[in-house]
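Trainee: Based on what follows, work out the 3D shape:
(2 chains)
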Amino acid sequence: MTQNSPFSRSEVSGAQGSPALLQTTGLSKAFGGVHAVTEVNFRLRRGELRCLIGPNGAGKSTFFKMLSGQLRPTAGTIIFDGHDITGEPQHRIARLGIGIKNQVPSVWDGLSVYEHFWIAAHRRVGARAAHAVADGLLGEFGLEAIARREVGVLAHGERQWVEIGMVVAQRPKLILLDEPTAGMAGDEVKRTADLLRAVNVNASLVVVEHDMQFIKMIGSIVTVLHQGRILIEDAMENVLNSRIVREVYLGSGYARG
Amino acid sequence: MAPARLSLAELLLWIAAAIGVAVLPMVLSIFQVVQITVFLIFCLLAVSLDLSWGLAGLLSFGQAAFFGIGGYSYAIIGINGTMTSAATLAATAAGAAAATMIGYIAFYGRLSAIFLAVMTLTITLILLQVMGSTADPSYRVGSAVIGGYNGMTNIPSLVLDPRGFFWIVGGLVLGVVVTGRLLMMAPFGRVIAAIRENEQRVELLGYDARWRKLLTFSLSGAVAGLAGALFASWGNFINPEVFSLAQSAQVVIWVLVGGRGWLYGAVIGALLVQALTQYLGSIGTAYTSLALGGLLVAFVLLLRNGLLPALSRGMLSLGSR
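Mentor: Okay, the predicted model is just below:
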């Protein structure tokens, strides 16, 4: 329990002094004998936009699910905004200000786009103000034309936006996005990058992505997860030039050559 | 899914239904009035299931249990000389209490949807056994003899005049449907609809799904308990058959045929299936169960969403042509 101090760990991203919004200490998750996440010490500054990358099975989604309360950690602690949220129920974590878009799109197929935004905002601001929030988001995301359409019939990219919009409607302090551009076309990816930069004005973000172009677009510090552990945490160009990252992604033979 | 806003058409439908309930007993014979009254009681039971299954996606085979608990509560309290209106209220509360207990275990224990269905069915069948084994005259509450499979007789009527009783039952069906529809359109109902579609997403937005599901389920139990009281009052009789497998399944069939999630579908389904059952019985065929089974299979295969959603989709596609 001595690990609870938010400053117990050396800084990687050069943010000494500024208070952490999120701090995990020794965070681990094992499924039976499989160690999905192992002793991850992760620190995010207020207002930061961070990318989380790593090969399949690196533990990115498991890490997100522990942060949002969908999975209970096997060991370690999560401190968010001064609260110890380790193992708290997901709705309480959401109320403290963490919003998440899971990797698998999770929406309400039988409800309209408008209702998604309205319900997401309603808990925080009440019925009338939620209409204003929903209208605003429809404009921001360019979804006015399909506002009354059932989400079940929408294209994959549109469904992604609906879910991102819902998370934004919550006004969380921290937004976790697991592969927000999956299934999007090139111009949609660019639009999403612009949207996320706009969202970043009011909220901190952690984004799991595979699309290197997208990561370059949003230009943030990148954390690389590999086999459940943090491999490296640095600016994008340094990560791309790192020998160890190449080995992980492309195999050791390639990196040597 | 059913519209989330009140339309003029729906308002007119309510007014037409209210006029229908008011006028029907004046133009029909007493026999017909009594017959339609029991159909309406079944409509109320069907609507109670649609409140939990259609709105919140909580499939319960326990509506028969809540119905029976309501019926027996009304009978026991009524026979002991309490005012029948108080007995009806108590029966409604008993149905709600039973649903609350089961729902609390299921929702706060985070048990799966299939568990709720199995648990409610099991409890219903346990009640069938328990109530069936009370034939000994020593099983009595005050002056009310439970009577085992012979059931309870001489249950007092809520009101003696069949027309008056029809108005009460019809008014209650209409009242519950209107209240249910308004609830669906209210913020609470929209969140419940979202829970039906994807509960995790709702929780990740900071809503506690558990008490919302529990409240919906309790409401559904209350309406089923009310229907049970009206049923016991209608025939002045109740026996453990209300807890039988056939009765439990029948409620699900009504909603399945009419179409779930609309409340109107439950009403139409109950009326249609009951009318068909009655017709098949009256022409003296021995194949009533077979015909109903065939109907169920046909609906599951061809009209999975039930009659009303299929009709509305047909109307929409005609309109857009």
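
Trainee: other SSEs contacting the helix or strand where B:Trp234 lies?
Mentor: Of the helices and strands defined by DSSP states H and E, B:Trp234 is found in helix B:209-235. Contacts defined by 3 or more CB pairs under 8 Å, 6 or more residues apart in numbering or on different chains; DSSP states H and E place helix B:209-235 against helix B:30-56, helix B:63-79, helix B:84-103, helix B:162-185, helix B:187-197, helix B:199-204. All C-beta spots, glycine's among them, are computed from the backbone N, C-alpha and C.

Trainee: tell me which residues in the fourth one are buried?
Mentor: So the one you mean is helix B:162-185. B:162-163, B:165-170, B:172-174, B:176-178, B:180-181, B:183-185 (16 or more other CB atoms under 10 Å in any protein chain shown).

Trainee: next one: the third one
Mentor: Neighbour-count burial for helix B:84-103, with 16+ other CB under 10 Å as criterion, is recorded at B:84, B:87-100, B:102-103.

Trainee: re earlier: looking at the helices and strands packed on helix B:209-235, spot the one closest to chain A.
Mentor: Proximity to chain A (CB to the nearest CB) singles out helix B:187-197 among the helices and strands packed on helix B:209-235, at 3.5 Å.

Trainee: In PDB, list the C-alpha atoms belonging to the closest one.
Mentor: C-alpha atoms of helix B:187-197 as PDB (Å, rounded to 0.1, in the frame of the first residue of the first chain):
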ATOM      1  CA  PRO B 187     -36.100   9.600 -19.600                       C
ATOM      2  CA  PHE B 188     -36.400   6.500 -17.300                       C
ATOM      3  CA  GLY B 189     -37.900   4.500 -20.200                       C
ATOM      4  CA  ARG B 190     -35.300   5.600 -22.700                       C
ATOM      5  CA  VAL B 191     -32.500   4.500 -20.300                       C
ATOM      6  CA  ILE B 192     -34.400   1.200 -19.800                       C
ATOM      7  CA  ALA B 193     -34.600   0.700 -23.600                       C
ATOM      8  CA  ALA B 194     -30.800   1.400 -23.800                       C
ATOM      9  CA  ILE B 195     -30.300  -1.200 -21.000                       C
ATOM     10  CA  ARG B 196     -32.200  -3.700 -23.200                       C
ATOM     11  CA  GLU B 197     -30.000  -3.000 -26.200                       C
END
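
Trainee: Let's test this: name the helix or strand in chain A with the lowest mean pLDDT.
Mentor: Using mean pLDDT, DSSP states H and E, helix A:252-256 stands out as the lowest-scoring helix or strand of chain A, at a mean of 53.

Trainee: got a pLDDT number for residue 95?
Mentor: Since you didn't name a chain, this refers to chain A. Note for A:Arg95: predicted pLDDT of 95.

Trainee: Oops, wrong one, chain B.
Mentor: 97.

Trainee: Please name the nearest non-neighbouring residue to it.
Mentor: Leaving aside its sequence neighbours, B:Gly95 sits nearest to B:Gly225 (CB to CB, 6 or more residues apart in numbering or on different chains; 1.8 Å).

Trainee: Neighbours of the one you found, how many?
Mentor: Per other CB atoms under 10 Å in any protein chain shown, the neighbour tally for B:Gly225 reads 33.

Trainee: quick check, B:Gly261 in a strand?
Mentor: No: applying DSSP: H, G, I helix; E, B strand; the rest coil, one finds B:Gly261 to be coil, outside a strand.

Trainee: Any idea how many residues pack against it?
Mentor: Quick note: B:Gly261 (other CB under 10 Å) scores 24 neighbours.

Trainee: got a list of what the nearest residue to it once chain neighbours are set aside touches?
Mentor: Nearest non-adjacent residue to B:Gly261, counting by CB to CB, 6+ apart: B:Gly54, 3.8 Å away. The neighbours of B:Gly54, taking CB atoms under 8 Å, 6 or more residues apart in numbering or on different chains as the test, are B:255, B:260-263, B:265-266.

Trainee: what about the most centrally placed residue in chain A, which SS state?
Mentor: With distances taken as CA atoms, centre = their mean, A:Leu176 lies nearest the centre of chain A, 2.1 Å away. Three-state assignment for A:Leu176 (three-state DSSP): strand.

Trainee: Chain neighbours aside, what residue packs nearest to it?
Mentor: A:Ile100 (4.2 Å).

Trainee: My read is that the one you found contacts A:Gln170, right?
Mentor: No: taking contacts as CB atoms under 8 Å, A:Ile100 lies outside contact range of A:Gln170: 9.7 Å.

Trainee: re earlier: in this structure the residue nearest to the centre of chain A contacts A:Gly97, no?
Mentor: No: using CB under 8 Å, A:Leu176 makes no contact with A:Gly97, being 11.4 Å away.

Trainee: Quick check, pLDDT for A:Asp187.
Mentor: If you check A:Asp187, the pLDDT there is 86.

Trainee: so it is in which element?
Mentor: helix A:186-199.

Trainee: how about that helix: buried residues?
Mentor: Residues of helix A:186-199 classed as buried: A:188-189, A:191-193, A:195-196, A:199 (neighbour count, 16+ other CB under 10 Å).

Trainee: Okay, angle between that helix and strand A:174-178 too, please.
Mentor: Angle of helix A:186-199 versus strand A:174-178, following axes from the mean of the first three to the mean of the last three CA atoms, to 10 degrees, is 160 degrees.

Trainee: What parts of chain B come near chain A?
Mentor: B:1, B:4, B:187, B:190-191, B:193-194, B:196-198, B:200-209 (CB under 8 Å from any CB of the partner chain).

Trainee: Filter the residues you listed down to the buried ones.
Mentor: Among these, the ones that count as buried by 16+ other CB under 10 Å are B:1, B:190-191, B:193-194, B:196-198, B:201-209.

Trainee: Which stretches in chain A count as helices?
Mentor: A:60-67, A:90-96, A:113-125, A:127-140, A:156-169, A:186-199, A:212-218, A:236-241, A:243-250, A:252-256 (DSSP state H).

Trainee: so A:Val199 touches A:Lys173, yeah?
Mentor: No: when contacts are counted by CB under 8 Å, A:Val199 is not listed as touching A:Lys173 (11.9 Å).

Trainee: Alright, I will stop here.
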